[in-house]
Each structure stands twice: as structure tokens, then as C-alpha cells.
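J.: Structure, please.
(chains A, B, C and D)
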There are 2 protein chains.
Amino acid sequence: MKDTDDKLISRNMKPTAMRELVLDALLEQNVAVSLSDLEKKFDRADKVTLYRTLKTFEENKLIHSIDDGTGSVKYALCAENCQCNPHDLHVHFFCTKCKRTYCLNDTPIPSVTLPLNFEIKTINMVVKGTCANCKE
Amino acid sequence: MKDTDDKLISRNMKPTAMRELVLDALLEQNVAVSLSDLEKKFDRADKVTLYRTLKTFEENKLIHSIDDGTGSVKYALCAENCQCNPHDLHVHFFCTKCKRTYCLNDTPIPSVTLPLNFEIKTINMVVKGTCANCKE
DNA sequence: ATAACTTTGCAACTCGGTTGCATAAACTTT
DNA sequence: AAAGTTTATGCAACCGAGTTGCAAAGTTAT
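T.: Residues are numbered from 1 along each chain as shown, chains lettered A, B, ... in the order given. Here you go, the predicted structure:
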């Protein structure tokens, strides 16, 4: 029984071949991936299946989605016990040179004071600039 | 000579009729508007013209764009002397009930500590929840 | 094995954003 | 003021990301 199977089962998903492939792909990345990234990686696989796989993963809180402003949503694995609550959230970083989107897992989103009677549900914070790899 | 004309001219744009209309529409709003919002408001006007008007405004730093995660970019007026530098930036708020996107001009984006050798150029921070109007 | 449900694959569509090109309007130069 | 140049507008058409419907294939339960 594979490790990926456990992950899927523990998040209440059936461990299908497709899901294992996609999960493996996500595990070996340290950056967030888009649907079209996956399409390129698995050129035999159908776009819609990949799309629905990601949706299923997201619904079951195995991954979270990041809107990095590039026009294509990115996805990355959640931490082991992540419930995607506001205090689980971290800052994301988009490198304008290599176009990679990083999860800054050690950089929690700072709290902000909102105007009176504004109630927060979630936050999206994306820093853009150049990453360590691209710096010289 | 209209007030909107001054604004346009001072930002190096010719005050055409179209631009005045769009600028007026932006001035009378306290929320950010999308291209399709403008299309609805000016149903006689061409989508592309509105699109290019917004682009021109943005290039000349009369307005800034907000990616609030809804899939359509919103635009709002910049403050008088805004140069859209990182320290000019403010938090945006998207109300999930009324679907309005607010500029929280008085809520500057808090600074974050990035991993070593990551260099910041700009930040996008969108808080989602319910606004004061929608609270009860 | 059969029935019931779930997952996958194909086709096709929506919608926001964008480009090319032709026309119209506004400035410039003589 | 007329001719030429630049700038803005309008139409058509396209692109890519995301999405839905439906039928086929696969899985699970009886």
C-alpha cells in the first residue's frame, strides 16, 4: 500500500491511478502547479480529468489553490493537518523571472485591522518579485 | 474646463469624451469596477474601447488594478499622488455577499519577512469576508 | 452476474481578456 | 483652411482558462 494511497484515503478519496499520478507530481514539486502545467506533464491525460482531480483534492483539503495574478490558478499541497482556516494560511511568492509560485510555509499572513464591521473570512496575499534562485 | 479634464491632462492623457465618461463613472463609485461593469453601465460603448481606456488609465497611474480572485480584474482610482510603489499599496476587501471590492485606503499592507534572497517588488493582498453593509 | 455508483474522456461552450485592422477624430504643418 | 500625421475608436475575430453535459469505462455492493 503506497504512501500516496494513505494520503488519499485519509482525506476520504478513493486512490485511483489518476489521483496517485497527480499527487505524486505535486509531492515532487516545491512550487505550486497549474492545470496547464499538469496537462504538459501528463500529455496523455485529459484536461477535464486533471481539472476534476484538482477540484476533488481541493474539496478534501489535500491541496489549496493560489491566485497569483498570472491568470491561471496554481495548486499546492496543504500541510499535514491543514484545514485551510485563516490561521493556517501562508504568504505566496511569485517570481517574475522564473514565473514560479512558492508557498512560503514559514511566512504566515500578518493580521490586518479592518474598518468597523468588516468581517474576515479568508485572505489571499501574494508577494511578487525575484526569488533566491533568480537573484544574482 | 472640467475637473475630469484636469485629472486626465495632469496624467498626460488627452481628455476625450470616452475617457471623461469612464473617469466620471470611477469617481462616483466607492468600489472597484470591472470591465464588464463598465460594459453594462455604458451599453452603447464598445468593449474594446472601454478596455483600452482602462489600460491607458492604468499605464498613466490614474487607476490601479485589483485581482480580487473573482476572475475579473477590478479597477479603482489611485490617490492623488499615487505612484503605485509598494508603500503606496493598500489592502483590498472583497465582500462575498454583495460581491463588491473595496479599496481599504487606510489599511496599508503590512510588511512581511521573506526567506533569504527573496526580493519584493509588489504585493497583492485581498481580504475576503462580509462588508459593513452586508453585516447584520 | 447484475445493479448502483463513481470516475474518466470527449465535445463543446462560456467568459474575460486581447490583437489586427480599418475608420474616424484630433492635432500639426504649411 | 487643406493636406498630412498622429491618436482614438469600433468591429471582427481570436485565445486560453475554466467549466458543463453526457456517455463510456471502471469500481463496489448485492
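J.: Can you show me the strands along chain A?
T.: Secondary structure of chain A by DSSP state E: the strands cover A:33-34, A:63-66, A:74-77, A:90-95, A:101-108, A:119-130.
J.: Now render those strands as CSV, adding distance to A:Lys40.
T.: C-beta here means a position set from N, CA and C on the backbone, and glycine is covered the same way. Compiled in CSV, the strands of chain A are given as follows (distance: least, CB to CB, whole Å):
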stretch, distance to A:Lys40
strand A:33-34, 10
strand A:63-66, 18
strand A:74-77, 14
strand A:90-95, 19
strand A:101-108, 16
strand A:119-130, 23
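J.: Which one, of the ones you listed, ends up nearest to B:Cys103?
T.: For these, proximity to B:Cys103 was assessed by CB to CB; strand A:119-130 is nearest, at 15.8 Å.
J.: per-residue confidence averaged over that closest one?
T.: Averaged across strand A:119-130, the pLDDT comes to 95.
J.: Check stretch A:80-92 too.
T.: When pLDDT is averaged along stretch A:80-92, the result is 86.
J.: Report the separation between the two terminal residues of it.
T.: End-to-end distance for stretch A:80-92: 18 Å, by CA to CA, to the nearest Å.
J.: cool, and stretch A:104-120?
T.: One end of stretch A:104-120 to the other measures 21 Å (CA to CA).
J.: Just the buried positions in that stretch, please.
T.: Using 16 or more other CB atoms under 10 Å in any protein chain shown as the test for burial, stretch A:104-120 gives A:104, A:107, A:109, A:112, A:114, A:118.
J.: right, so the strands of chain A: which one is the most enclosed?
T.: strand A:90-95 (a mean of 24; mean count of other CB atoms under 10 Å in any protein chain shown).
J.: ok, and what's touching stretch A:74-83?
T.: Stretch A:74-83 has contacts (CB atoms under 8 Å, 6 or more residues apart in numbering or on different chains) with A:26-27, A:29, A:31-34, A:54, A:57-58, A:61-68, A:84, A:88, A:101, A:103, A:105.
J.: actually stretch A:30-48, sorry about that
T.: A:18, A:21-22, A:25-26, A:50-51, A:54, A:66, A:68, A:72-76, A:92, A:100-103.
J.: do that again at 6 Å, thanks
T.: For stretch A:30-48, the surrounding residues in contact (CB atoms under 6 Å, 6 or more residues apart in numbering or on different chains) are A:25, A:50-51, A:66, A:72, A:74-76, A:100-102.
J.: Now cross-check these against DNA strand D and list the overlap.
T.: By CB under 7 Å from any atom of the strand, the members of the contacts of stretch A:30-48 lying near DNA strand D are A:51, A:72.
J.: And DNA strand C, is stretch A:41-52 touching that?
T.: Yes - counting by CB under 7 Å from any atom of the strand, DNA strand C is contacted by stretch A:41-52 at A:45-49, A:52.
J.: swap in stretch A:13-23?
T.: Yes - counting by CB under 7 Å from any atom of the strand, DNA strand C has neighbours in stretch A:13-23: A:13-14, A:16-19.
J.: Reformat the contacts of stretch A:30-48 as a markdown table; add pLDDT and distance to A:Asp6.
T.: As requested, these are exported to a markdown table (pLDDT from 0 to 100; distance: CB to CB, whole Å):
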| residue | pLDDT | distance to A:Asp6 |
| --- | --- | --- |
| A:Ala25 | 97 | 17 |
| A:Leu50 | 98 | 22 |
| A:Tyr51 | 98 | 24 |
| A:Ile66 | 96 | 25 |
| A:Ser72 | 96 | 30 |
| A:Lys74 | 98 | 25 |
| A:Tyr75 | 98 | 20 |
| A:Ala76 | 97 | 19 |
| A:Arg100 | 97 | 28 |
| A:Thr101 | 97 | 27 |
| A:Tyr102 | 97 | 26 |
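J.: My guess is A:Asp67 contacts B:Asp68. True?
T.: No - the pair A:Asp67 / B:Asp68 is not scored as a contact, 8.8 Å apart, by CB atoms under 6 Å.
J.: Who has more neighbours out of those two?
T.: Using other CB atoms under 10 Å in any protein chain shown as the criterion, A:Asp67 and B:Asp68 rank with B:Asp68 on top: 25 against 20.
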